[in-house]
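Peer 1: fold the following and give me the result.
(4 chains)
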There are 2 protein chains.
Amino acid sequence: MSKDRSERIMQDLQQRIISGDLRPGERLDEVSLAKKYDVSRTPIREALLQLSSVGLIELKPRKGAFVSRLSIKTLMEMFELMAELEGLCARLAARRASAKELEELQALHNESREAVEEQDLDSYYGYNERWHEAIYTAARNDFVKEQTIQLRNRLAPYRRAQLGSGRRIEGSFDEHEKILDALKAGDDLGVEVLMREHVIHQGGTFGDFIARLPHEMADLIAMH
Amino acid sequence: MSKDRSERIMQDLQQRIISGDLRPGERLDEVSLAKKYDVSRTPIREALLQLSSVGLIELKPRKGAFVSRLSIKTLMEMFELMAELEGLCARLAARRASAKELEELQALHNESREAVEEQDLDSYYGYNERWHEAIYTAARNDFVKEQTIQLRNRLAPYRRAQLGSGRRIEGSFDEHEKILDALKAGDDLGVEVLMREHVIHQGGTFGDFIARLPHEMADLIAMH
DNA sequence: TCAACTCTTCGTGTATACAATATGGTATTT
DNA sequence: AAATACCATATTGTATACACGAAGAGTTGA
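Peer 2: Numbering: from 1, shown residues only, chains lettered A, B, ... in the order given. Okay, the predicted model is just below:
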């Protein structure tokens, strides 16, 4: 028995939060989790602590653990940084990507065309994630890649909640194509701007995003 | 007795790591720490877990906790991101800083002049930190500010170790002045570039930085 | 003399027991 | 009847006890 227990539990809970199975605001009871995973409270607590350090849950003293509910202010701030980080990855990738990596990006893009034509949102969501992650990799800065993925994970519950709302899937696909062209051309500054805007537009404009919040996601947001 | 224990211990250990009191590679023994802080191992473990999530220590299974030793590769990657984040803060600050915030920046800069003239490295180090942090604040994105400070903390042991080596203090001061001018002028793109270069040059050029590593900091670096 | 194996010891990983506090309900008082 | 105070219960925070694994020292064999 090495320390897989708390690690495995942490991974599982993280996945359940990212996937939306556990919704923001939901309480995480230690004893229930302990029973569910058939371990003592100790590994549970360790997993919860780690998740809180990453920002996926909040630990309120003497009250317990809750899946993080982000305020609108924090959400906007996180999106602003997300756009910058994605832009950075794209800029670096434009200078550093290998021919093979560019081919992989093109291949992923080609495959995703099918999902667009069939209007398969779930499928496109998957391709989209892999495509963006391929760019993080091509940026050849593993630390930046990790940080970017971590931030994306924290935003995941909210991005998924607004998946099919508003935005047309074709728009995203077209932007990917422009970004890909700029990447191949090695236009680092150009691709940075394109990527920033792509990320910001992902859920429609910021305004649309905020405007839609109160209705569909009211209970996911922290009200201050 | 609420949960201050582990929190306080975490803060204290973090400070000791950042300040260099605990050096990279150093072992953190749970029982010794428990005796030192006069608590049981439980709060100690919780503190260590949190520190590992932030990246300040590494938790090797069945082997214990060690102050993180960063590889040269990771160090360079972190510096690359640090320069970007500082540049981002500067760019945002150029657009969003209030008149009062600009005044505070100028005031801090003026006060630091004294430290420059007296060649007081420790004093200048303090002013430098406060000045940079004032820019994070002026960027008006608390999330970005937090992330930037967190990364700076992780780099702190290494930046401090190379404090007086090589670089002349006047160079930093002059760069601050140019950055301040660009900030006041609202030249967001200009100040971003200036800040990036300033951060990269902080310890001399990257090349100098790396070249000096093996001698003064050999044991702080992870060798792979 | 060197190498390999075993045993001991120390420290981490996990479970459980205990302490303290917050929350909700009930009873009492105004 | 409403409000407040008090108590009971449930849940977190901390301590301790136990189990497992790793590292090192000592011994035995070649």
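Peer 1: if I look at the residue nearest the centre of chain A, how far off is A:F79?
Peer 2: Nearest residue to the geometric centre of chain A (CA atoms, centre = their mean): A:R152, 2.7 Å. In this view, A:R152 and A:F79 are 11 Å apart by CB to CB, to the nearest Å. In this view, the C-beta of every residue, glycine as well, is placed from N, C-alpha and C.
Peer 1: isn't there a helix covering the residue nearest to the centre of chain A?
Peer 2: Yes - residue state for A:R152 (DSSP: H, G, I helix; E, B strand; the rest coil) corresponds to a helix.
Peer 1: quick one: contacts for it?
Peer 2: A:M82, A:H132 (CB atoms under 8 Å, 6 or more residues apart in numbering or on different chains).
Peer 1: local confidence estimate at it?
Peer 2: We have a pLDDT of 95 for A:R152.
Peer 1: these two touch, right, A:L81 and B:T148?
Peer 2: No - A:L81 is beyond contact range of B:T148, at 9.6 Å (criterion: CB atoms under 8 Å).
Peer 1: who's in contact with stretch A:44-58?
Peer 2: Here stretch A:44-58 makes contact (CB under 8 Å, 6+ apart) with A:6-7, A:9-10, A:13-14, A:17-18, A:28, A:30, A:33-34, A:37, A:59, A:65-69, A:150, A:153-154, B:45-46, B:49-50, B:52-54.
Peer 1: buried subset of those residues?
Peer 2: Neighbour-count burial (16 or more other CB atoms under 10 Å in any protein chain shown) is assigned, among the contacts of stretch A:44-58, to A:6-7, A:9-10, A:13-14, A:17-18, A:28, A:30, A:33-34, A:37, A:59, A:65-69, A:153-154, B:45-46, B:49-50, B:52-54.
Peer 1: now stretch A:99-106, how far from the chain's geometric center?
Peer 2: 22 Å (CA atoms, centre = their mean, to the nearest Å).
Peer 1: using PDB, list the CA coordinates for it.
Peer 2: Extracted in PDB, the C-alpha atoms of stretch A:99-106 (Å, rounded to 0.1, in the frame of the first residue of the first chain):
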ATOM      1  CA  ALA A  99       7.300  19.800 -38.700                       C
ATOM      2  CA  LYS A 100       5.800  16.700 -37.100                       C
ATOM      3  CA  GLU A 101       4.000  18.700 -34.500                       C
ATOM      4  CA  LEU A 102       2.500  20.900 -37.200                       C
ATOM      5  CA  GLU A 103       1.400  17.900 -39.100                       C
ATOM      6  CA  GLU A 104      -0.300  16.500 -36.000                       C
ATOM      7  CA  LEU A 105      -2.100  19.800 -35.500                       C
ATOM      8  CA  GLN A 106      -3.300  19.700 -39.100                       C
END
